[in-house]
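*Asks:* A structural model of the following input is requested.
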Amino acid sequence: MITLENVSVAYGTGARRVLAASDVSLHVTPGEAFGLVGESGSGKSTVLRAVAGLIAHAEGRIVLAGQEMGRRRSTATRKMVQMVFQDPYGSLHPNQTVDQILSMPVAIHRLGDADRRVATALREVGLGREHRFRYPHQLSGGQRQRVAIARALILQPRILLLDEPTSALDVSVQAEILNLLTRLRRDHGLTMLMVSHDLAVIAHLCERIGVMSRGELLELTTADALASGTVTHPYTKQLLRSNQGFDPSSVDIDATPAA
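*Replies:* This is a model prediction of the structure:
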């Protein structure tokens, strides 16, 4: 569903040129959840944005659902690939109600039946009718992120890109959002590409994981290998040591979501 071949992204020129991602290659099969993990500045979010088509000057080959992506994306491709951003406080328009936020992509893509689509999207992310005409400042952080997920889902994408979707939330709300994403992936057959610096979070959602540092993909491993410490690259071992007490069970994926 997702294939990257030697994807590179550079900013600036000459002495100020910075290589944010360097020759990154990976593949994600249909229905799989694949994670990219690394410290801040490792290039993982840059790769995610290149896949989303938000970085037009990315070099290399990006293939989504069998279609090679050019510098310009079609409307159909943008509908197929949706992204949930890190900050639920900044990714929603503060002067629009939830209804307006969710109706906008329906109008842009001329899908019709916005009322039904909005109601369905809210129900799928665990929000009720009472949330529909509220403004973002009237919602909790977890509720805002649910709205952001609903906005991505309302176009019925095949690929969902997740840019640290739980990092701005407290631990109990993180568990709720991970539960939600796991269920949505199963119910809709979504392919997910997620980036995070939190090993416990990413190991719960993703089966296979790529470890990045300084723009390079250093190692491809699994959640089981991270949990058991059976990784090979020295940087990955250092990353595990820096996450002392790393325990996948620290985020209860079976926790009952709060009302």
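*Asks:* only C-alpha atoms from now on, for both contacts and neighbour counts.
*Replies:* OK.
*Asks:* all helices for the stretch 101-250 of the chain, in order.
*Replies:* 114-124, 141-153, 171-188, 199-205, 223-228, 234-242 (DSSP state H, counting those that start in this stretch).
*Asks:* between the ones you listed, which one is closest to Gly66.
*Replies:* helix 171-188 (19.2 Å; CA to CA).
*Asks:* now the closest one: buried residues?
*Replies:* Across helix 171-188, burial judged by 16 or more other CA atoms under 10 Å covers Val173, Gln174, Ala175, Glu176, Ile177, Leu178, Asn179, Leu180, Leu181, Thr182, Leu184, Arg185.
*Asks:* quick check, nearest of these to Ala203?
*Replies:* Distance to Ala203, by CA to CA, is smallest for Leu178 among the buried residues of helix 171-188, at 10.9 Å.
*Asks:* which stretches in the protein count as strands?
*Replies:* Using DSSP state E, the strands of the chain run over 2-11, 18-28, 33-37, 59-64, 67-68, 81-84, 159-163, 191-196, 208-213, 216-222.
*Asks:* got those as TSV, with distance to Gly128 columns?
*Replies:* Converted to TSV, these look like this (distance: least, CA to CA, whole Å):
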stretch	distance to Gly128
strand 2-11	34
strand 18-28	34
strand 33-37	28
strand 59-64	34
strand 67-68	37
strand 81-84	20
strand 159-163	23
strand 191-196	25
strand 208-213	34
strand 216-222	37
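*Asks:* is it possible to get JSON lines of those that adds distance to Asn95 and mean neighbour count?
*Replies:* Listed next are the strands of the chain as JSON lines, based on distance: least, CA to CA, whole Å; neighbours: other CA atoms under 10 Å:
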{"stretch": "strand 2-11", "distance to Asn95": "33", "mean neighbour count": "19"}
{"stretch": "strand 18-28", "distance to Asn95": "34", "mean neighbour count": "18"}
{"stretch": "strand 33-37", "distance to Asn95": "33", "mean neighbour count": "26"}
{"stretch": "strand 59-64", "distance to Asn95": "34", "mean neighbour count": "19"}
{"stretch": "strand 67-68", "distance to Asn95": "37", "mean neighbour count": "12"}
{"stretch": "strand 81-84", "distance to Asn95": "19", "mean neighbour count": "24"}
{"stretch": "strand 159-163", "distance to Asn95": "24", "mean neighbour count": "24"}
{"stretch": "strand 191-196", "distance to Asn95": "29", "mean neighbour count": "25"}
{"stretch": "strand 208-213", "distance to Asn95": "37", "mean neighbour count": "22"}
{"stretch": "strand 216-222", "distance to Asn95": "40", "mean neighbour count": "19"}
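*Asks:* could the ones you listed be laid out in CSV, adding distance to Val98 and mean pLDDT?
*Replies:* As requested, the strands of the chain are exported to CSV (distance: least, CA to CA, whole Å; pLDDT from 0 to 100):
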stretch, distance to Val98, mean pLDDT
strand 2-11, 31, 96
strand 18-28, 32, 95
strand 33-37, 28, 96
strand 59-64, 30, 96
strand 67-68, 33, 94
strand 81-84, 16, 96
strand 159-163, 20, 97
strand 191-196, 24, 96
strand 208-213, 34, 95
strand 216-222, 37, 95
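*Asks:* any idea which of those strands gets closest to Gly90?
*Replies:* Once the strands of the chain are compared by CA to CA, strand 81-84 is nearest, at 11.6 Å.
*Asks:* and the nearest residue to Met83 once chain neighbours are set aside, how close does it get to Val195?
*Replies:* Of all residues not flanking Met83 in the chain, Leu161 sits nearest, at 4.5 Å (CA to CA, 6 or more residues apart in numbering). As for Leu161, its distance to Val195 is 8 Å (criterion: CA to CA, to the nearest Å).
*Asks:* just for the stretch 151-259 of the chain, where's the confidence low?
*Replies:* For the stretch 151-259 of the chain, applying pLDDT under 70 flags the ranges 244-259.
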